[in-house]
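Student: just the structure for this:
(2 chains)
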There are 2 protein chains.
Amino acid sequence: MAYRTVDSQTTKLDNFDMAAYLAERKVIVEQALDRSIAVTYPETIYEAMRYSLMAGGKRLRPILTLAACELLGGSIEVAMPTACAMEMIHTMSLIHDDLPAMDNDDFRRGKPTNHKVYGEDMAILAGDGLLAYAFEYIADRTPSPDHTTAKQVLRVIAHLGHAVAATGLVGGQVVDLECEGKTDTTAETLTFIHMHKTAALLEACVSCGAILAGATAIDLQRLSTYANNIGLAFQIIDDILDITATAEQLGKTAGKDLAAQKVTYPSLWGIPTSQAKAQALVEEANAQLDPYGNAAMPLKAIANFITARNN
Amino acid sequence: MAYRTVDSQTTKLDNFDMAAYLAERKVIVEQALDRSIAVTYPETIYEAMRYSLMAGGKRLRPILTLAACELLGGSIEVAMPTACAMEMIHTMSLIHDDLPAMDNDDFRRGKPTNHKVYGEDMAILAGDGLLAYAFEYIADRTPSPDHTTAKQVLRVIAHLGHAVAATGLVGGQVVDLECEGKTDTTAETLTFIHMHKTAALLEACVSCGAILAGATAIDLQRLSTYANNIGLAFQIIDDILDITATAEQLGKTAGKDLAAQKVTYPSLWGIPTSQAKAQALVEEANAQLDPYGNAAMPLKAIANFITARNN
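Tutor: Reported below is the predicted structural model:
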């Protein structure tokens, strides 16, 4: 798995084995996710939730939460329930987005979408169940909160709720739906959509991991800028891949934006300019992390991975 | 508005003006709900959430949260954000239950259902938005938590998540959907549905209000039994009203259970036995509150109101 080294960085990423890091983190995250939901009566709903939660993916969100917590000296144990909650909420958003009333997608990560397997009613409920459980999981499972950490966990829950509600992910999806079929969507509106639909949850992943490690206001400002930048870069690359990658590479339908005549960054700016903007966003993201020296290598490598990925 | 006095109670409810109490509480709850969500860009989603949140109803859930908190010496101010969150989550469950893929209802509280006004996509997102915001609202708005209260607020969030996820409301709705069109549903399955679909959130309303006031384990046991009993009684009365009340009284379609050949308590036991069971549940609920003397009058009156109501 290739990743780019960026000249403007003060730390060398060449010695950091990104592929091994991501693979190892994916394993521990998936083990934790697997333990987070057991199948019990009524089995259908637990199976439906697990079907999408355990369907693979890069697990970038929980990996970001763990990495941000570790950057500031926190432990994986403290961050893991929040990391799992991030993936539950990301999964919920995919299940609901794929519904016939929304994007009407039949495939996700190379498998039939949740409603194609369990029906629309179960898919709606599986999403609702994952969303509610995510908050319970953080509140209930974050290791024995003392005075300080109980307040930090409340901040995490408030931050995450804000990133998911109409002020975040839901609001982004609403504007995305409202722009469907419109050919006059502006770059500003497009940025609103991506900052809310994609970047808000990635920002919450990073900020919540940092909050659990006792981040200062300056830490949070730096990490929040880092995360918002990689969130926007992530979406620009997604839009480029929708044009350039095959369905096999994506595990979902390719060329959907073109078919839907949807305005995207590449349709506004062309592919080379979009690619350059994504790269600039990642470089700016990584510059925010310079004060942390070598400890920031994983987060910098993740940022570089986002622009270099091909699925 | 009539309510019954129950002989087995040690406190007299005759001097307690239930109608005035409920009316006054409904006003302060609706003022708080009105302030909880402002309309901003993208307006459609905020309007969709407010349309269902402000559509009226008895506001029994938030009133229960406030009453349980006050019973144990807590303040309305501390309980109000949680009380509002309960109504947001109740509203979310109604919006999603009414969807075409679920119960496919066109009317709710005498008004067109959310998806009939805003479309299915917005209705799904309005529910998601309310659910995520409810948790943010508790975490962010419960007045300045000190050492103890930060932990109590985390317990409230965990308890509420559990009551809404597959272990609660969502699980109850799943079994309810699975029983559709079946004529051999047992009383045990029916009780599972109602204990999860209806009682779990009512139990969370009461228990979370109590937790915020520093409830002991014994307080919680008594209040939890009270709430589960009135939850089950509430549903039995609902099933009876589906047969005996008019659509005008209910503000929604009447006779739906019969039309759907759905097994209900009245279809299993007949109306008089069902009415008697509901009454017995309420008496047992109120007996749990005897140790609290006059302070329990509002909760006892709410329990009596549930069996005496006609909509």
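Student: who touches stretch A:104-117?
Tutor: Applying C-beta atoms under 8 Å, 6 or more residues apart in numbering or on different chains, the contact partners of stretch A:104-117 are A:48, A:51-52, A:55-57, A:94-95, A:97-100, A:122-123, A:126-127, A:247, A:251-253. All C-beta spots, glycine's among them, are computed from the backbone N, C-alpha and C.
Student: that stretch: end-to-end distance?
Tutor: With C-alpha to C-alpha, to the nearest Å as the measure, stretch A:104-117 spans 14 Å from end to end.
Student: check contacts around the residue of the stretch 151-300 of chain A found nearest chain B.
Tutor: Chain B sits closest to residue A:161 of the stretch 151-300 of chain A, with a gap of 2.5 Å, by C-beta to the nearest C-beta. For residue A:161, the contacting residues are A:135, B:132, B:133, B:134, B:135, B:136, B:137, B:139, B:140, by C-beta under 8 Å, 6+ apart.
Student: what helix or strand is it located in?
Tutor: For residue A:161, the host element (DSSP states H and E) is helix A:147-164.
Student: list the buried residues for that helix?
Tutor: By 16 or more other C-beta atoms under 10 Å in any protein chain shown, the buried positions in helix A:147-164 come out as A:149-164.
Student: can you pull out the low-pLDDT segments for chain A?
Tutor: A:1-14, A:145, A:147, A:246-254, A:258, A:310-311 (pLDDT under 70).
Student: could you check the angle helix A:147-164 makes with the longest helix along it?
Tutor: Longest helix in chain A by number of residues (criterion: DSSP state H): helix A:217-244. Angle between the axes of helix A:217-244 and helix A:147-164 is 30 degrees (criterion: axes from the mean of the first three to the mean of the last three C-alpha atoms, to 10 degrees).
Student: so what secondary structure elements neighbour helix A:217-244?
Tutor: With contacts taken as 3 or more C-beta pairs under 8 Å, 6 or more residues apart in numbering or on different chains; DSSP states H and E, helix A:217-244 sits against helix A:60-71, helix A:187-194, helix A:200-212, helix A:247-250, helix A:256-259, helix A:265-269, helix A:271-287, helix A:297-308.
Student: if we can go back for a sec, in helices, which of the contacts of stretch A:104-117 fall?
Tutor: A:48, A:51, A:52, A:94, A:95, A:97, A:122, A:123, A:126, A:127, A:247.
Student: how many neighbours does residue A:194 have?
Tutor: 25 (other C-beta atoms under 10 Å in any protein chain shown).
Student: quick one: it and residue B:297, what's the gap?
Tutor: Separation of residue A:194 from residue B:297 (C-beta to C-beta, to the nearest Å): 54 Å.
Student: got it, and residue A:148?
Tutor: 40 Å.
Student: what do you get for residue A:308?
Tutor: In terms of C-beta to C-beta, residue A:308 sits 67 Å off from residue B:297.
Student: residue A:50 now?
Tutor: 46 Å.
Student: then residue A:74?
Tutor: 49 Å.
Student: with residue A:138 instead?
Tutor: 37 Å.
Student: what of residue A:265?
Tutor: 62 Å.
Student: so for the two, which sits in the more crowded spot?
Tutor: residue A:265 (24 against 21).
Student: quick one: contacts for the more buried one?
Tutor: Counted by C-beta under 8 Å, 6+ apart, residue A:265 has contacts A:187, A:190, A:235, A:236, A:239, A:240, A:274, A:277.
Student: and these, which are buried?
Tutor: A:190, A:235, A:236, A:239, A:240, A:274.
Student: show me the two of these that sit farthest apart.
Tutor: A:190 and A:240 (13.7 Å; C-beta to C-beta).
Student: which parts of the stretch 1-150 of chain A are strands?
Tutor: A:107-108, A:111-112 (DSSP state E, counting those that start in this stretch).
Student: what's the most buried one of the ones you listed?
Tutor: strand A:107-108 (a mean of 19; mean count of other C-beta atoms under 10 Å in any protein chain shown).
Student: can you list the strands that that one pairs with?
Tutor: Neighbouring strands of strand A:107-108 in its sheet, by DSSP bridges, are strand A:111-112 (antiparallel).
Student: so what's residue A:132 up against?
Tutor: Taking C-beta under 8 Å, 6+ apart as the test, what residue A:132 contacts is B:131, B:160, B:161, B:164, B:165, B:168, B:169, B:170.
Student: same question, residue A:101
Tutor: B:101, B:119, B:120, B:121, B:124.
Student: recalculate using a threshold of 10 Å.
Tutor: A:115, A:120, A:124, A:177, B:99-101, B:115, B:119-125 (C-beta atoms under 10 Å, 6 or more residues apart in numbering or on different chains).
Student: can you say which of those are buried?
Tutor: The buried subset of the contacts of residue A:101 (16+ other C-beta under 10 Å) comprises A:115, A:120, A:124, A:177, B:99-101, B:115, B:120-125.
Student: just give me the closest of those to residue A:205.
Tutor: Closest to residue A:205, out of all of those and judged by C-beta to C-beta, is residue B:125, at 21.1 Å.
Student: hang on, the earlier thing: could you save the strands of the stretch 1-150 of chain A as CSV and add columns showing distance to residue A:210?
Tutor: Converted to CSV, those look like this (distance: least, C-beta to C-beta, whole Å):
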stretch, distance to residue A:210
strand A:107-108, 30
strand A:111-112, 33
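Student: nearest to residue B:67, of those?
Tutor: Nearest of those (C-beta to C-beta): strand A:107-108, 45.0 Å.
Student: what is the neighbour count of residue A:264?
Tutor: Residue A:264 has 22 nearby residues by other C-beta under 10 Å.
Student: pretty sure it contacts residue A:190?
Tutor: Yes. Taking C-beta atoms under 10 Å as the definition, residue A:264 is a contact partner of residue A:190 at 7.2 Å.
Student: ok, now how distant is the nearest residue to residue A:234 once chain neighbours are set aside from chain B?
Tutor: Sequence neighbours aside, residue A:306 is the residue nearest to residue A:234 in space, at 5.1 Å (criterion: C-beta to C-beta, 6 or more residues apart in numbering or on different chains). Per C-beta to the nearest C-beta, to the nearest Å, residue A:306 is found 25 Å from chain B.
Student: let me see the contact set for residue A:306.
Tutor: A:3, A:58, A:60, A:202, A:229-231, A:233-238, A:278, A:281-282, A:285 are the contacts of residue A:306 under C-beta under 10 Å, 6+ apart.
Student: same thing with residue A:68?
Tutor: Contacts of residue A:68 by C-beta under 10 Å, 6+ apart are A:74, A:79, A:83, A:205-213, A:215, A:219-220, A:223, A:226-227, A:296, A:298-299.
Student: so what's the nearest residue to it once chain neighbours are set aside up against?
Tutor: Leaving aside its chain neighbours, residue A:68 sits nearest to residue A:209 (3.3 Å; criterion: C-beta to C-beta, 6+ apart). Residue A:209 makes contact with A:62-72, A:74, A:78-79, A:82-83, A:86, A:156, A:215, A:223, A:227, A:299, according to C-beta under 10 Å, 6+ apart.
Student: neighbours around residue A:19, how many?
Tutor: 12.
Student: isn't it right up against residue A:58?
Tutor: No. Using C-beta under 10 Å, residue A:19 makes no contact with residue A:58, being 12.0 Å away.
Student: re earlier: how far off helix A:200-212 does the helix holding residue A:161 point, in degrees?
Tutor: 170 degrees.
Student: tell me the angle helix A:147-164 makes with helix A:60-71.
Tutor: Using the same axes, to 10 degrees: helix A:147-164 against helix A:60-71 is 150 degrees.
Student: quick check: next helix or strand after helix A:147-164?
Tutor: Following helix A:147-164 toward the C-terminus (DSSP H and E): helix A:169-179.
Student: which other helices and strands does that following helix contact?
Tutor: helix A:76-97, helix A:147-164, helix A:187-194, helix A:200-212, helix B:43-53, helix B:120-141 (3 or more C-beta pairs under 10 Å, 6 or more residues apart in numbering or on different chains; DSSP states H and E).
Student: can you spell out which helices and strands pack onto the fifth one?
Tutor: Under the contact criterion of 3+ C-beta pairs under 10 Å, 6+ apart, the helices and strands touching helix B:43-53 comprise helix A:169-179, helix B:18-36, helix B:76-97, strand B:111-112, helix B:114-118, helix B:120-141.
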